[in-house]
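1. Structure for the following, please:
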Amino acid sequence: MNSGTEARGACILVVDDDANLASTLREFLTREGYSVEVALSAGEALSIQESHPHIALALVDLIMPAMDGLTLTDELRRRNPEITVLIMTGYGTIETAVDAIKRGAEDYVTKPFDYEALRKKIARLTEVVELRERVAQLEKNLERHPCFENMVSLSPAMEPILERARLAAGSEAPVLLLGETGTGKELLARAIHGASSRARKPFVAVNCGALPRELAESELFGFRKGAFTGAYADAPGLFSAASGGTIFLDEIGEMPKDIQVKMLRVLQEGELRPVGSTRPVQVDFRVIAATNRGLTELRAGLMREDLYFRIATVVLEVPALRVRPEDILILAQHFAGRVSRRCDREISLSRSALELLLAYSFPGNVRELENLVESASAVSADNPQIITDKDLRPLLGASAPATLNLTESLSMEKMERLTIQRALRVSAGNRTKAASLLGISRDTLYRKLRQYEV
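-> A predicted model of the protein is given here:
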């Protein structure tokens, strides 16, 4: 039989030799927003599976002529090990249904149906299917872009940024990173470089704000012997050092205007002229620039407009840590775990410490959080060491929140529960992976799951 009307959501195959029941199920599932295929025999079900490989879930009647539900389940899963099977059975054959689960079925439902219970089971199973597909895509992304594993984040605010960065990594387009100081712009730049075709070539980071004005040209473009007092030998300069790879121009808005003019020519012509030389040098590098200035301020006078358009082919704005509180917990645990491995002792953060961090505004963003954990760890040799709010308050000074009375939207329980749920979604329910992602032991995760009834 043909499917019902096309609908959003997962595609479900219903297999039952009772035509009336199959039709009722199709109508019910279509109303729920699923695309439905119906088969009245096992043979028809296998034909539908062959022509519709996108089918993710099958509702299979246990008792059917010619080929029963157990045999059909085996065959469906042999052809597609990822397909999820829900067995339909009468009360008298529950023991056989349990046997079907042992052979690969995900769950079973009894006839006559409790449609509310059926709705919940199918919603749960289709959610698992969708999460499995999402994790498979994430794993593909990591295979293509392994350097993005260093970008520790569970925040929805970071998802589109990281996805656009992955896409940008596959191109040669110049990238401009916007964001406050300490948000991780250089880490993101290194991830883009590491996932690009230039990964085996140099990544040269330049802080434009730290370049002495009188030496900026020679530092960037290089110089020839005798070009000025002290130039005893040729020097290639930072642009030449990055040839074949990527140059990261941090705080691009602080670059002197006269240097901006010369850099524009380098980008346009692919060549530069070292100080004291009359001959151009060919260079080939990709530019990733960054600034903590706002886009309006940058374009209003800090940067030449023609240079801006050259380097801002792809613009990514990294959000501040205070607008992605989900990442405060996982980053704090990540940094504590890193110090633990380096110092060979167990370091963790107490509830009071995490509550204090959640209530703090983090003007220094991720870099400040990292420094806080490092500093609190450095003043103790305890093993295990548990960092508390009393350890952190002196480091925060006058900026420390006066109390830990968090608002409901940022309560410790709510944030921790959301973080755990998100980690489980990303790991498709694999608790070992989720615990690793969260930087906690599996036992601790199980305790948290019981505590929050996740």
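2. isn't residue 350 right next to residue 392, touching?
-> No - Residue 350 is beyond contact range of residue 392, at 9.8 Å (criterion: C-beta atoms under 8 Å). All C-beta atoms are positioned from the backbone trio N, CA, C, and that covers glycine.
3. of the two, who's got more company?
-> Legend: neighbour count by other C-beta atoms under 10 Å for residue 350 and residue 392, higher for residue 392 (22 against 15).
4. Assign that one to helix, strand or coil.
-> Put simply, residue 392 is helix when judged by DSSP: H, G, I helix; E, B strand; the rest coil.
5. give the contact list for it.
-> Residue 392 sits next to 353, 356, 357, 372, 376, 400 when contact means C-beta atoms under 8 Å, 6 or more residues apart in numbering.
6. What is the nearest of those to residue 287?
-> residue 372 (32.9 Å; C-beta to C-beta).
7. what's the one helix or strand residue 44 maps to in contact with?
-> If you go by DSSP states H and E, residue 44 is part of helix 42-51. Applying C-beta under 8 Å, 6+ apart, the external contacts of helix 42-51 come out as 1, 13, 15, 37, 39, 55, 58, 60, 64, 66-68, 71-72, 75-76, 79-80, 83.
8. which ones among the residues you listed are found in strands?
-> Judged by DSSP state E, strands contain the following of those: 13, 15, 37, 39, 58, 60.
9. Please check those residues and keep the buried ones.
-> 13, 15, 37, 39, 58, 60 (16 or more other C-beta atoms under 10 Å).
10. which two from those residues end up farthest apart in space?
-> 37 and 60 (12.5 Å).
11. In stretch 286-294, which residues are buried?
-> 286, 287, 288, 289, 290, 291, 292, 293.
12. so can I have CSV of those residues showing pLDDT?
-> Output for the buried residues of stretch 286-294, formatted as CSV (pLDDT from 0 to 100):
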residue, pLDDT
286, 95
287, 96
288, 97
289, 96
290, 96
291, 95
292, 93
293, 91
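13. need the helices for the stretch 151-300 of the chain, in chain order.
-> Applying DSSP state H, counting those that start in this stretch to the stretch 151-300 of the chain gives helices spanning 159-169, 185-194, 216-221, 238-241, 257-269, 295-297.
14. what does the stretch 351-454 of the chain give?
-> Under DSSP H, counting those that start in this stretch, the stretch 351-454 of the chain gives helices at 351-359, 365-378, 389-396, 412-426, 431-438, 442-452.
15. Turn the ones you listed into TSV, columns for distance to residue 194.
-> Formatted as TSV, those follow (distance: least, C-beta to C-beta, whole Å):
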stretch	distance to residue 194
helix 351-359	29
helix 365-378	18
helix 389-396	32
helix 412-426	21
helix 431-438	20
helix 442-452	30
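16. helices and strands of the protein: which one has the lowest mean pLDDT?
-> helix 115-144 (a mean of 69; mean pLDDT, DSSP states H and E).
17. Now the closest residue to residue 382 other than its chain neighbours: which helix or strand?
-> Once flanking residues are discounted, residue 382 sits nearest to residue 345: 7.6 Å by C-beta to C-beta, 6 or more residues apart in numbering. Assigned by DSSP H and E, residue 345 falls within no helix or strand.
18. still on that earlier bit, any chance of the buried ones among the ones in strands among the contacts of helix 42-51 in JSON lines with pLDDT and distance to residue 267 as columns?
-> Output for these, formatted as JSON lines (pLDDT from 0 to 100; distance: C-beta to C-beta, whole Å):
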{"residue": "13", "pLDDT": "93", "distance to residue 267": "56"}
{"residue": "15", "pLDDT": "94", "distance to residue 267": "62"}
{"residue": "37", "pLDDT": "92", "distance to residue 267": "55"}
{"residue": "39", "pLDDT": "93", "distance to residue 267": "61"}
{"residue": "58", "pLDDT": "92", "distance to residue 267": "56"}
{"residue": "60", "pLDDT": "92", "distance to residue 267": "62"}
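19. Show me which of these is closest to residue 417.
-> Set against residue 417, the nearest of those by C-beta to C-beta is residue 58 (33.1 Å).
20. Once you drop chain neighbours, what's closest to the closest one?
-> residue 13 (4.3 Å).
21. Who does the one you found form a beta bridge with?
-> Counting by DSSP bridges, residue 13 is bridged to residue 37, residue 58.
22. Tell me how far it lies from residue 373.
-> 51 Å (C-beta to C-beta, to the nearest Å).
23. mind saving the C-alpha coords of stretch 287-303 as CSV?
-> Listed next in CSV are the C-alpha coordinates belonging to stretch 287-303 (Å, rounded to 0.1, in the frame of the first residue of the first chain):
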residue,chain,number,x,y,z
VAL,A,287,44.3,35.8,6.4
ILE,A,288,42.3,35.3,9.6
ALA,A,289,41.9,38.6,11.5
ALA,A,290,40.3,39.4,14.9
THR,A,291,39.3,42.4,16.9
ASN,A,292,37.6,43.1,20.2
ARG,A,293,36.2,46.3,18.7
GLY,A,294,32.6,46.6,17.6
LEU,A,295,32.0,46.3,13.9
THR,A,296,30.6,49.9,13.7
GLU,A,297,33.7,51.3,15.5
LEU,A,298,36.0,49.3,13.3
ARG,A,299,34.5,50.6,10.1
ALA,A,300,34.1,54.1,11.4
GLY,A,301,37.8,54.9,11.3
LEU,A,302,40.0,52.3,12.8
MET,A,303,40.3,50.4,9.5
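24. Excluding its own residues, what touches it? List them.
-> By C-beta under 8 Å, 6+ apart, the list of residues contacting stretch 287-303 reads 174-181, 185-186, 189, 192-193, 246-255, 260, 267, 305, 308, 311, 315.
25. Of those, just the buried ones, PyMOL syntax please.
-> Buried residues within the contacts of stretch 287-303, by 16+ other C-beta under 10 Å, are selected in PyMOL with:
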select buried, resi 174+175+176+177+178+179+180+185+186+189+192+193+246+247+248+249+250+251+252+253+254+255+260+267+308+311
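26. about what we covered before: export the ones in strands among the contacts of helix 42-51 as TSV, with columns for distance to residue 118.
-> What follows is the ones in strands among the contacts of helix 42-51, written out as TSV (distance: C-beta to C-beta, whole Å):
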residue	distance to residue 118
13	15
15	15
37	17
39	18
58	14
60	14
